[in-house]
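Give me a 3D structure for the following:
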Amino acid sequence: MTDVLMPQMGESIVEGTLTRWLKQPGDTVARDEPLFEISTDKVDTEIPSPAAGVLKEVLVEAGATVQINTVVGRIDDGASGGGASAPAEAPKAAPAPAPAAPVAAPAEAAPKAPEPAPAVASEDIGPISPLVRRMARENNLDLSLITGTGAGGRITKADVESYLARGAQAPTAAPAAPSAPAPAAPVAPAYIAPVVASAGEVAPVAPAEGAKVRVEAMSTMRQKIAEHMVLSKHTSAHVTTVHRVDMTKVAKMRNSRKNAVKERYGFSLTFLPFITRATAEALRAFPIVNASIQGANVLYHSEVNIGIAVALENGLIVPVIKNADEKNVLGLQRSIADLANRARSKQLKPDEVQGGTFSITNFGSYGSLFATPVINQPQVAILGVGAVEKQVVVIDDAIAIRDMAYLALTFDHRLIDGALADQFCQRVKSVLENWSEEVL
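Predicted coordinates for the structure are as follows:
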């Protein structure tokens, strides 16, 4: 008997939503055949079967959110299943007495449970999923008082629910009473209310009387994207700098090679691999842009793993090109085309959407000149690429027509200052404007 596990689809992902089973109990399944679909932050993908056999049982129904490495089903692979099912029953029986303890305990015991938590508060809580952060925000909880039972001690949805069930709101309200003077009481609600309303988390706006509307629930992916974007905006100090780049040399190189590339390799040659190549070189020159923040520490990544945002029908996903600085333009174009095609057909593997150290979003493919992209946590910067268009420019006091584009770098001002961000962009600009590398 082979256990089917909920995979980890990203560095900070501790849980996922099983959106749909592609096989039903009793169905025969081949190894690596799509078995079920999951949805996490910016990820909506099919998970292949870990073994060949018959899907014996489904332990997690569609729509349920569970921790990573949770057993969601079992496949009868022909091996002896007696030993596998016996230990499976033991953990189910073990939690039975657990509910009795909190029920039997008096209400006054609840505040004492978090007492050992100060030790947790002094440490870094670690990655927290957007769902857990939202629950903490809605219930006014201090996450440092909650002991995590997830992977690596991470706090999960179940931990928060269990904490609330024990009456966690009482201790959180208690410290507020002595420290809040009389005038502060009316100020807090007046300040918090508009923030919650602006985030769209509490008060829905009712349609006008007689208005014709169609109500449709957000997809799981759309909800995850929304949570991740709100988390990023409330985590990083976002600043965007925009630089105009002369892409004429790159455009000439591309135009002279694109037909040969199409005939020889079967994929189109776009501007994106040139920009990715220049970005990889700049990331090596400015390693702080290829870093991330963990508490009070800066993590400098030795690998340059660039995520490329791919638009899907109802969302987006950011597959990662590992060791992008080791690839030439053709290698980058092949990787971009392959990852984009498999992202849209839900064929990406779990390790292809994690480990990114920097991201690029090509909004120019839809005609946009420039925008201010949101940082893909836990990274500290993202580069937005605008459309390449012919423009009239002044060169050495002469008017010329050049292929121009805008590059917008959004960076985390907690770590990166404006001068360094501009130096990084100037390095990317210099590589592109003085392009000399052959493509074929």
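
so how far is the helix or strand hosting Leu332 off the chain centroid?
Element membership for Leu332, per DSSP states H and E: helix 329-344. Put simply, helix 329-344 sits 20 Å off its chain's centre (Cα atoms, centre = their mean, to the nearest Å).

Secondary structure class of the closest residue to Ile395 other than its chain neighbours, three-state.
In this structure, Ile395 finds its nearest non-sequential neighbour in Arg402, 7.5 Å apart by Cβ to Cβ, 6 or more residues apart in numbering. In this view, the C-beta of every residue, glycine as well, is placed from N, C-alpha and C. At Arg402 the chain is in strand, as set by DSSP: H, G, I helix; E, B strand; the rest coil.

Arg402 touches Lys390, doesn't it?
Yes. The criterion here is Cβ atoms under 8 Å, and Arg402 meets it with Lys390 at 7.1 Å.

Neighbour count for those two, which is higher?
When Arg402 is set against Lys390 and neighbours are counted by other Cβ atoms under 10 Å, the residue ahead is Arg402, at 16 against 11.

Now for that one: which residues touch it?
Each residue near Arg402 by Cβ atoms under 8 Å, 6 or more residues apart in numbering is listed here: Asp246, Met247, Thr248, Lys390, Gln391, Val393, Ile395.

Can I take it that the fourth one is in a helix?
No. Checked against three-state DSSP, Lys390 lies outside a helix; its state is strand.

Next, work out how far apart it and Asn139 are.
Using Cβ to Cβ, to the nearest Å, we find Lys390 at a distance of 55 Å from Asn139.

what comes up buried for the helix ranked longest in the chain?
For the chain, the longest helix by residue count, based on DSSP state H, is helix 248-265. Residues Thr248, Lys249, Val250, Ala251, Met253, Arg254, Arg257, Val261 are the ones in helix 248-265 that count as buried (16 or more other Cβ atoms under 10 Å).

mind listing what the closest residue to Arg257 other than its chain neighbours touches?
The spatially closest residue to Arg257, leaving aside those adjacent along the chain, is Val439, at 4.7 Å (Cβ to Cβ, 6+ apart). Counting by Cβ under 8 Å, 6+ apart, Val439 makes contact with Met253, Arg254, Arg257, Val261, Leu269, Asn328, Val329, Leu330.

now do Arg133
Counting by Cβ under 8 Å, 6+ apart, Arg133 has contacts Leu143, Glu227, Leu231.

And for Gly386?
Phe363, Gly364, Ser368, Leu369, Phe370, Ala371, Ala405, Tyr406, Leu407, Ala408.

Tell me where the stretch 251-400 of the chain has helices.
Remark: helices assigned in the stretch 251-400 of the chain by DSSP state H, counting those that start in this stretch are 272-285, 329-344.

C-alpha coordinates for the longest one, CSV please?
Spelled out, it's helix 329-344. Taking C-alpha atoms only, helix 329-344 is exported to CSV below (Å, rounded to 0.1, in the frame of the first residue of the first chain):
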residue,chain,number,x,y,z
VAL,A,329,19.7,33.2,-24.5
LEU,A,330,18.5,30.0,-26.3
GLY,A,331,18.6,28.0,-23.1
LEU,A,332,16.5,30.6,-21.3
GLN,A,333,14.0,30.8,-24.2
ARG,A,334,13.6,27.1,-24.2
SER,A,335,13.1,27.0,-20.4
ILE,A,336,10.6,29.9,-20.6
ALA,A,337,8.5,28.3,-23.4
ASP,A,338,8.6,24.9,-21.7
LEU,A,339,7.6,26.2,-18.3
ALA,A,340,4.8,28.4,-19.7
ASN,A,341,3.3,25.6,-21.8
ARG,A,342,3.3,23.1,-18.9
ALA,A,343,2.0,25.8,-16.5
ARG,A,344,-1.1,26.3,-18.7
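
Looking at that helix now, give me its mean pLDDT.
Averaged over helix 329-344, pLDDT sits at 94.

so Arg20 sits right up against Ala62, yeah?
Yes. Between Arg20 and Ala62 there is a contact under Cβ under 8 Å: 5.3 Å.

so where's the protein uncertain?
9-13, 40-44, 79-130, 151-152, 168-206, 440 (pLDDT under 70).

can you list the domains in it?
2-93, 105-175, 237-433 (automatic domain parsing).

For the stretch 301-440 of the chain, which segments count as strands?
Assigned by DSSP state E, counting those that start in this stretch, the stretch 301-440 of the chain shows strands spanning 306-308, 310-312, 315-317, 320-321, 358-361, 381-385, 389-395, 398-412.

Could you point out which of these sits nearest Val160?
strand 315-317 (25.6 Å; Cβ to Cβ).

which residues of the stretch 1-150 of the chain fall in strands?
2-5, 15-21, 28-29, 34-40, 43-48, 53-58, 65-67, 71-76.

closest one to Gln354 among these?
strand 43-48 (9.2 Å).

sorry, back to before: could you export the contacts of Arg133 as a markdown table, including neighbour count and distance to Gly26?
Conversion of the contacts of Arg133 to a markdown table gives the following (neighbours: other Cβ atoms under 10 Å; distance: Cβ to Cβ, whole Å):
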| residue | neighbour count | distance to Gly26 |
| --- | --- | --- |
| Leu143 | 21 | 43 |
| Glu227 | 17 | 36 |
| Leu231 | 20 | 41 |
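
which one of these is nearest Val29?
Glu227 (31.9 Å).

hang on, that closest one packs against Arg134?
Yes. With contact defined as Cβ under 8 Å, Glu227 counts as touching Arg134 (6.4 Å).

Show me which residues of stretch 148-164 are buried.
Gly148, Gly150, Ala151, Arg154, Ile155, Thr156, Lys157, Ala158, Asp159, Val160, Ser162, Tyr163.

returning to what we had before: could I get the strands of the stretch 301-440 of the chain as TSV with distance to Asp3?
Output for the strands of the stretch 301-440 of the chain, formatted as TSV (distance: least, Cβ to Cβ, whole Å):
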stretch	distance to Asp3
strand 306-308	30
strand 310-312	30
strand 315-317	27
strand 320-321	27
strand 358-361	33
strand 381-385	37
strand 389-395	54
strand 398-412	39
